[in-house]
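Engineer: Build me a model from this:
(one chain, ligands or ions: 1)
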Amino acid sequence: MGVKIVDTALRDGSQSLIATRLTTDEILQVAPLLDKAGYHALEVWGGATFDACLRFLDEDPWERLRAIRKACPNTKLQMLFRGQNILGYHHYPDDIVDKFVEKSLENGIDVIRVFDALNDVRNLKSAVDAVKRWKEKFPRAECQIALSYTTSPVHTVDYYVDLARKVEVMGADSLCIKDMAGVLLPETAYELITRLKKETSLPIELHSHCTGGICQMTYLRAIEAGVDIIDCALSPFSGGTSQPSTESFNYALKGTKYDPMLDSDLLDQAANKLEKFKQKYLKNGTLKVKALGVNPNILKYQVPGGMLSNLMSQLDKQGAMDKYEEVLKEVPRVRKDLGYPPLVTPLSQMVGTQAVMNVITGERYKMSPKEIKDYLLGKYGQAPAAIDEEVREKILGKDHPEIITCRPADLLAPEFEELKKKYKKIAKCDEDVLSIALFENVAIDFLKRKYGLVAEEFNVSL
Ligand code: CO
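Structural biologist: Residues are numbered from 1 along each chain as shown. Here you go, the predicted structure:
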């Protein structure tokens, strides 16, 4: 049995290179080909796709999922699920998490990859329990738990092995090392995967990014250490800030004991179609040439590629591009002060904005975004390492509210039924209610357009 491949072109590839702008129409031209190519799974939903559908593409993300499911009867469909943040940017109540898991499975998802930005396992529990519970109704459901990979004095191989043991006990069906920044080095991957294979019995998947130019080396060492599944993207949406190319790994491993056995002809056909879309996005400026290059700076600053472009646009808007290097140097400092959070959504945006504010104002923590204040109050869960107490006091002030030490969602009341009642005129099904629960006005505006409603037709206060 060779190495299995999950193709991410339709989710992470699109998210990493073209800000998740691939349309359902484009996806459906490629999906039936990928469905027959022999993949372990296709990552097609979750992450930023849901938000992008509602906000930018004027598409119903649920309809997209059903359409992909119909186009792919043979291959497992996978989604990325941000633990208690679901597909949004803050914590939601448990009943919303549960309903979202149910509806994701019902509309066509097989594998739910759950992660928490801080690796606080309490934030995974509700989603993991939901998948396990809904497995009775949808037996094909699989719960994969992803460990957010980062580097810091606390994020050692021992730390991740220990975490892996915990998530195995929680009931994960498989484990993913999610290296969203592409900073996992080849030898560390070899050591980590070797230890994980020895000390857990779960299938192991590796997810990394090519941003720093080392990902293919890392994958090969992981394969030699026995990794079961690797995340790749069909060539037009591979490389740069995305995953390594699927076809290249299929060729590189051909005839070896690791042979992924994918159908090259079908991959070519799908790649030809995707290439056309890629050219369109290059021409209209959505795909930046910079995103396709190699950026070893991410290894120096340990900053994900998406965050680099985000910082650049923040500085550009403020006419402060000359501060770019200084901000990059500030990021590791902010991370240390905040207890080394991994830089993944939403923490990457929060830490980035704080670093920009520190540099622009010329004084550390003179200004802080609200989300950073919430983080310091414990509202995102437990930081991986101790938070600098002087920094906490400077940001929150001396008389700050009590810091939360329980699981943050324990403080959130159920809200599904209430939302359903409140928005009964625009939410025609439970899926619509979930869209509103996650993206509020963005979803409400979308549903108004979708159902051709004008404000007077539904008498609710928005
Ligand atoms: Co990724």
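Engineer: what helix or strand does Asn74 sit in?
Structural biologist: Of the helices and strands defined by DSSP states H and E, none includes Asn74.
Engineer: Could you count how many residues lie near it?
Structural biologist: 11 (other CB atoms under 10 Å). Any C-beta I mention is one placed from the backbone N, CA and C, and that applies to glycine too.
Engineer: From the ion, how far off is it?
Structural biologist: 25 Å (CB to the ion, to the nearest Å).
Engineer: Quick one, grab the pLDDT at that residue.
Structural biologist: The per-residue pLDDT reported for Asn74 equals 98.
Engineer: can you list the weak-confidence ranges in the stretch 351-462 of the chain?
Structural biologist: For the stretch 351-462 of the chain, applying pLDDT under 70 flags the ranges 454-462.
Engineer: and the residue of it nearest the ion?
Structural biologist: Gly352 (16.7 Å; CB to the ion).
Engineer: Check for me that that residue belongs to a helix.
Structural biologist: Yes - judged by DSSP: H, G, I helix; E, B strand; the rest coil, Gly352 forms part of a helix.
Engineer: contacting residues around it?
Structural biologist: 303, 307, 310-311, 314, 331, 343 (CB atoms under 8 Å, 6 or more residues apart in numbering).
Engineer: cutoff 7 Å now
Structural biologist: Contacts of Gly352 were listed using CB atoms under 7 Å, 6 or more residues apart in numbering, and they are 307, 310-311, 331.
Engineer: Let me have these in a markdown table, adding distance to Ile68 as columns.
Structural biologist: As requested, these are exported to a markdown table (distance: CB to CB, whole Å):
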| residue | distance to Ile68 |
| --- | --- |
| Met307 | 28 |
| Asn310 | 28 |
| Leu311 | 33 |
| Val331 | 36 |
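Engineer: Could you identify the most distant pair in these?
Structural biologist: Put simply, by CB to CB the two of the contacts of Gly352 set farthest apart are Asn310 and Val331, 11.3 Å from each other.
Engineer: More neighbours: which of those two?
Structural biologist: Val331 (23 against 17).
Engineer: what helix or strand does the more buried one sit in?
Structural biologist: helix 324-337.
Engineer: Flag the shaky bits of the stretch 201-350 of the chain, pLDDT-wise.
Structural biologist: Ranges of the stretch 201-350 of the chain meeting pLDDT under 70: 305.
Engineer: What segments of it are strands?
Structural biologist: All strands of the stretch 201-350 of the chain, identified by DSSP state E, counting those that start in this stretch, fall at 204-207, 229-232.
Engineer: Can you name the residue of the stretch 151-300 of the chain nearest the ion?
Structural biologist: For the stretch 151-300 of the chain, CB to the ion, closest residue to the ion: Met180, 4.8 Å.
Engineer: What is the burial count for the closest residue to Phe439 other than its chain neighbours?
Structural biologist: Leaving aside its sequence neighbours, Phe439 sits nearest to Leu54 (CB to CB, 6 or more residues apart in numbering; 5.6 Å). Applying other CB under 10 Å, we find 23 residues neighbouring Leu54.
Engineer: Likewise for Pro260?
Structural biologist: So Pro260, with other CB under 10 Å, has 23 neighbours.
Engineer: Pull the contacting residues for it.
Structural biologist: 2-5, 249-250, 253.
Engineer: Just the contacts of Gly352: which are in helices?
Structural biologist: Under the assignment DSSP state H, the contacts of Gly352 contribute 307, 310-311, 331 to helices.
Engineer: and which of those is nearest the ion?
Structural biologist: Distance to the ion across the ones in helices among the contacts of Gly352 (CB to the ion) is lowest for Met307, with 12.2 Å.
Engineer: Around the ion, which positions in the chain sit nearby?
Structural biologist: 12, 180 (CB under 5 Å from the ion).
Engineer: now with 8 Å?
Structural biologist: 8, 12, 15-16, 47, 80, 178-180, 207-209, 231, 243 (CB under 8 Å from the ion).
Engineer: how about those in CSV, adding neighbour count?
Structural biologist: Shown next, in CSV, are those (neighbours: other CB atoms under 10 Å):
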residue, neighbour count
Thr8, 29
Asp12, 27
Gln15, 24
Ser16, 30
Gly47, 22
Leu80, 27
Lys178, 25
Asp179, 27
Met180, 26
His207, 26
Ser208, 26
His209, 28
Asp231, 30
Gln243, 32
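Engineer: So which of those residues belong to helices?
Structural biologist: Reading helices off these with DSSP H, I get 15-16.
Engineer: Would you mind listing the residues in contact with Ser242?
Structural biologist: By CB under 7 Å, 6+ apart, Ser242 lies in contact with 12-13, 16-17, 209-210, 233.
Engineer: and of these, the nearest to Phe439?
Structural biologist: Nearest to Phe439 among those, with distances taken as CB to CB, is Asp12, at 20.2 Å.
Engineer: what's near enough to touch the closest one?
Structural biologist: 43, 47, 233, 242-243.
Engineer: Could you tell me how far Pro337 is located from the ion?
Structural biologist: That one is not Pro; residue 337 is Asp. 26 Å.
Engineer: Number of residues surrounding that residue?
Structural biologist: Asp337: 20 surrounding residues under other CB under 10 Å.
Engineer: repeat for Pro414
Structural biologist: 13.
Engineer: Which helix or strand contains Val44?
Structural biologist: Applying DSSP H and E, one finds Val44 within strand 41-46.
Engineer: Could you tell me how far that strand lies from the centre of the chain?
Structural biologist: Offset of strand 41-46 from its chain centre (CA atoms, centre = their mean, to the nearest Å): 11 Å.
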